[in-house]
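Enquirer: Give me a 3D structure for the following:
(chains A and B)
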There are 2 protein chains.
Amino acid sequence: MNIVCLAGGVGGAKLADGLARLLPVDQLTIIGNTGDDFEHWGLKICPDLDTVLYTLAGVASVERGWGLEGESWRTLTQVGALAGPDWFRIGDLDLATHLARTHYLRQDGLSLTAATRKLCAAQGVTARLLPMSDEANPTLIETTDGVLGFQDWFVLQQWQPNVQRVILPDTARATNAVISALQKADAVVIAPSNPFVSVDPILNAYPIRPIIEDLVPVVIAVTPIIGGDAVKGPLAKMLRDWGKTVSAETIAQHYGDLLTGFIYDQGDDPFTMDDVTIVGENTWMRTAQDRTRVAQAVINLIETQHRELA
Amino acid sequence: MNIVCLAGGVGGAKLADGLARLLPVDQLTIIGNTGDDFEHWGLKICPDLDTVLYTLAGVASVERGWGLEGESWRTLTQVGALAGPDWFRIGDLDLATHLARTHYLRQDGLSLTAATRKLCAAQGVTARLLPMSDEANPTLIETTDGVLGFQDWFVLQQWQPNVQRVILPDTARATNAVISALQKADAVVIAPSNPFVSVDPILNAYPIRPIIEDLVPVVIAVTPIIGGDAVKGPLAKMLRDWGKTVSAETIAQHYGDLLTGFIYDQGDDPFTMDDVTIVGENTWMRTAQDRTRVAQAVINLIETQHRELA
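Expert: Next comes the predicted model:
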C-alpha cells in the first residue's frame, strides 16, 4: 500500500509523523508545501517543510508550535542590533538548517529535493519528505491592505489584514519525484492543514491535482477545524472574513469531488456529502500517541475504502 | 589634511584604528580589501572588511586575531551536525554581520559600500570605511596543489600549499567613493598588511594605483615584517618559498616607486632606498596605545614630507 500525505505546517506535520510511525518507510511519501518559502537574510527559508522535518526528527518545539526545542536567539538579537530585519524569528539552531540548505542549493547546485534529503538524513529522518516543487512558487495574499508576500502577511502582519484572495502561481510545477510517488499512490491523505494557504498550493503545482483526480482511488482529508475553531493559525478568521461557517463541513466542501473520505472531529456535528465517506474520530493531536491514533484512523479508512473498491 | 589608509586584515585594522583615534573623522578614509570576499552558506562574507569593522568598533577578539569577543558557536556546530560545511569558523555574533549584509545587498539592493556604511553606523563606527569595490573581485592563489580560492587556501588549507602566483582579476574596478577619496588625498598610508594578498588586490582595483602614482604626493607604508618574521599569517612563508629575504626592505622594494616613505621596525636593520624616506619606529601593535603610537609616527612622517614638499 503506497500512501502519499500532503502536509502543510504544524497539523500536517503531526499527522505525517503519525503515519511515519505506523507505516514502513517505503510505503509513505510526504509532500510538503513550499508555497510559503521565501528569501530572508539572503537565505532560502522553507517554513512548512522545516516544520515537517523537525517534527519527523522529534526536535520540533511543542509549546511554541514552530522552530526547535532548546532554541536560542543570539544571532537574531545581534541582527536586530545591527539594524537588520528581525521580525522573522529564526533561532540559532534553526538558522543552521537554512544555512546548510542554502549552501547545498547555491554552492553545491543541489535541487531542493536533494537538499531536503540531505537535511533529513543528517537528522536521522528516514521518512521520505519531498518538496512539492524544486522551483520557487510563492503564494501571495491579496488583502484589504494590498498584495502581500506570504510571510509578510503571516508573520510580519500576524495574519491580521483580511484576506480577499490567495494568489497561487499559474506556473507551479511538481517535481518528477512527486509525480512518480502520486502515480503509484493507492491513497492520498490531505493532512489537517489550512486548505487555502497550505494544501491548495500543493494541489496547484501541476500536475498534482489532475493526477490525484484521475489516478488515485482513495483520497482522505482530516479536518483542521475542531469545535468551531482552527486548531492553529488563520483558518477560522479567513472563513469568518469570507462569511463562511467555521466547520469541518466547509473544509470538506472546499475539497469537494477530490475526496473519497473525510474525518471530522467526533465532538463536532456529523454531516453528509455525496460519494464521500464521513467518519468522526478524536482528531485532537497533542501527544505522540494522539498522532498515531489519528494516523491509524486514516489508515483504517483507507483500508475500508480499498476493500469496498475491490 | 586628507589621509587614505589601505588596510588588509589584522595589521591593517590596527593601524586604521590608531589613525581613527587620532584624526578627525572627515580627514580619514579607510579602504578595505575585498579580494578575499567569498560566498559561504549562501552568504556574502567579507573577512578583511569585517576585521577592520570589528577593530574600529572595539569588539574584535584580540587573542583569536579574527572574529568577535564573547563569541559563541551554536549555529556553526549545528551546521556541522547537519553535514554542512563547518571549516570556515563563523560565530553566532559574527554570523549576524553576514546575514544583515547579505540582506542589505540581495533584498534591499544596496551596494557593498552602502551596506558597509549601515553596518558601521549600527556599531557606532564613525570612521569612513569603504570597500575597494562594490563588485566581487576574487583573489585566486596558484599553488603547487593547483589554483585555489583565497579562503580555500588561507583557511581550509591553512596556507600550507606553496604559492606560485597570486592571481588578481583584470576587471577589478574601484568604487566612485574610493576614487573620489584618493583624488582628494594628501597622503596614502599602506597599512602593515600582506602586500601580495591584502594590499595588491586594493592597488589592482583600477584606477587606485594610477591615481596614487599620479596624484598623491605622500605615500607611506608600514612594515608587516618585524624581526625577520611576519607578525601574523603567511607572508614570511610566501617570501621564503619564493627565495626572498624575509625583511622590511623586501616589502619596501615590492612597493618600489609608489612610496615616498617607509616605516620599518626599529629593532631591525636600517636600509636605504632612492627617493624614499626610511624611518625606524617601534611598530609592534598590541595595545590601543601601540596603535596610536604607530599611527602618530605615520602622521609625523606625512607632515614632515608635506613640509619638505612645500
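
Enquirer: pLDDT wise, what is the residue nearest to A:S198 when sequence neighbours are not counted at?
Expert: Nearest residue to A:S198, sequence neighbours excluded (C-beta to C-beta, 6 or more residues apart in numbering or on different chains): A:G8, at 2.5 Å. To be clear about C-beta, it is placed using only N, CA and C from the backbone, and glycine gets the same treatment. Looking at A:G8, its pLDDT stands at 93.

Enquirer: Ok, the one 3 residues further on next?
Expert: Confidence per residue is given as pLDDT, and for A:G11 that number is 93.

Enquirer: That one is in contact with A:I225, isn't it?
Expert: No. Shown here, A:G11 and A:I225 do not form a contact pair, counting by C-beta atoms under 8 Å, at 10.4 Å.

Enquirer: And the helices in the stretch 51-200 of chain A?
Expert: A:74-81, A:92-102, A:112-122, A:150-151, A:176-183, A:200-204 (DSSP state H, counting those that start in this stretch).

Enquirer: I'd like to know which elements the helix or strand of chain A with the lowest mean pLDDT is packed against.
Expert: Least confident helix or strand, chain A: strand A:229-230 with a mean of 90, by mean pLDDT, DSSP states H and E. Contact here means 3 or more C-beta pairs under 8 Å, 6 or more residues apart in numbering or on different chains; DSSP states H and E; on that basis strand A:229-230 packs against helix A:235-241.

Enquirer: ok, and for the helix it packs on, which residues are buried?
Expert: By 16 or more other C-beta atoms under 10 Å in any protein chain shown, the buried positions in helix A:235-241 come out as A:235-239.

Enquirer: quick one: contacts for A:I225?
Expert: A:231, A:235-236, A:246-248, A:250-251, A:265, A:268 (C-beta atoms under 8 Å, 6 or more residues apart in numbering or on different chains).

Enquirer: Let's have those in CSV, adding pLDDT and distance to chain B.
Expert: Shown next, in CSV, are those (pLDDT from 0 to 100; distance: C-beta to the nearest C-beta, whole Å):
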residue, pLDDT, distance to chain B
A:V231, 83, 29
A:L235, 96, 29
A:A236, 96, 32
A:V246, 97, 36
A:S247, 97, 40
A:A248, 97, 38
A:T250, 97, 37
A:I251, 97, 35
A:D265, 97, 37
A:D268, 96, 41
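
Enquirer: And the residue of the stretch 101-250 of chain A that's closest to chain B?
Expert: A:T102 (3.2 Å; C-beta to the nearest C-beta).

Enquirer: Surely that residue and A:H40 touch.
Expert: No. Using C-beta under 8 Å, A:T102 makes no contact with A:H40, being 10.5 Å away.

Enquirer: Output the helices of the stretch 51-200 of chain A in TSV; the columns should cover mean neighbour count and mean pLDDT.
Expert: Output for the helices of the stretch 51-200 of chain A, formatted as TSV (neighbours: other C-beta atoms under 10 Å in any protein chain shown; pLDDT from 0 to 100):
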stretch	mean neighbour count	mean pLDDT
helix A:74-81	20	97
helix A:92-102	25	98
helix A:112-122	19	97
helix A:150-151	22	94
helix A:176-183	18	98
helix A:200-204	25	98
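
Enquirer: now those as TSV including distance to A:A221?
Expert: Output for those, formatted as TSV (distance: least, C-beta to C-beta, whole Å):
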stretch	distance to A:A221
helix A:74-81	36
helix A:92-102	29
helix A:112-122	24
helix A:150-151	22
helix A:176-183	16
helix A:200-204	11
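
Enquirer: Show me what from chain A comes close to chain B.
Expert: Residues of chain A found near chain B (C-beta under 8 Å from any C-beta of the partner chain) are A:39-44, A:72, A:74-76, A:78-79, A:81-85, A:92-93, A:95-97, A:99-100, A:102-107, A:118-119, A:121-123.

Enquirer: Can you spell out which helices and strands pack onto the helix or strand harbouring A:T29?
Expert: According to DSSP states H and E, A:T29 maps onto strand A:28-32. Applying 3+ C-beta pairs under 8 Å, 6+ apart, one finds that strand A:28-32 contacts strand A:3-7, helix A:10-22, helix A:47-57, strand A:128-131, helix A:176-183.
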